[in-house]
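S.K.: Predicted model and sequence follow; I will ask about them next.
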Amino acid sequence: MLTFRTDDLAVDVEIQADGDARTLLGQLSPPPAAATVELQSTGGSVVATAESDELGRFRLAFDADGHVRLRVLREGAAPVETSWFTV
């Protein structure tokens, strides 16, 4: 499990692998009213996108590997980007 923190948001993630398929399970806390979570590759392209639920949970399915980061977009707040991590 990985945890990323800012002053007003924590992002917890767990990565599951099944062959080349990857699933990233995550939770935002405190849960925002609404949030879009993007998984970005090192080239800046978005490889997966999900909306968080009312508990701040989200699920991203993707086939990429290598260095990625999460970008969290919340209404009325600045975007949050995690540091890069390897999947």
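M.R.: Yep, that arrived. Numbers count the residues shown, from 1 in each chain.

S.K.: From the centre of this structure, point out the most distant residue.
M.R.: Most distant from the centre of the chain: G19, at 20.6 Å, with distances by Cα atoms, centre = their mean.

S.K.: what are the phi and psi angles of that residue?
M.R.: The phi and psi values for G19, taken as degrees, to the nearest 10, are phi 70, psi -130.

S.K.: all numbers from here: first residue = 35
M.R.: With the count now opening at 35, the last piece we talked about shows up as G53.

S.K.: what's the residue closest to the geometric middle of this structure?
M.R.: Computing the C-alpha centroid of the chain and ranking residues by Cα atoms, centre = their mean puts L104 first, at 4.1 Å.

S.K.: ok, and the closest non-adjacent residue to that one?
M.R.: Distance criterion Cβ to Cβ, 6 or more residues apart in numbering; nearest residue to L104, sequence neighbours excluded, is T116 at 4.6 Å. Using the backbone N, CA and C atoms, a C-beta is placed for each residue, glycine as well.

S.K.: quick one: that neighbour and R103 touch, right?
M.R.: Yes - at 5.0 Å, T116 and R103 qualify as touching, with contact defined as Cβ atoms under 8 Å.

S.K.: Enumerate every residue touching the residue nearest to the centre of the chain.
M.R.: Applying Cβ atoms under 8 Å, 6 or more residues apart in numbering to L104 gives the contacts 38, 45, 47, 60, 71-74, 115-116.

S.K.: Could I get those in JSON lines, plus columns for pLDDT and distance to A95?
M.R.: As requested, these are exported to JSON lines (pLDDT from 0 to 100; distance: Cβ to Cβ, whole Å):
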{"residue": "F38", "pLDDT": "97", "distance to A95": "20"}
{"residue": "V45", "pLDDT": "98", "distance to A95": "18"}
{"residue": "V47", "pLDDT": "97", "distance to A95": "14"}
{"residue": "G60", "pLDDT": "98", "distance to A95": "12"}
{"residue": "V71", "pLDDT": "98", "distance to A95": "12"}
{"residue": "E72", "pLDDT": "98", "distance to A95": "13"}
{"residue": "L73", "pLDDT": "97", "distance to A95": "10"}
{"residue": "Q74", "pLDDT": "96", "distance to A95": "15"}
{"residue": "E115", "pLDDT": "96", "distance to A95": "21"}
{"residue": "T116", "pLDDT": "97", "distance to A95": "18"}
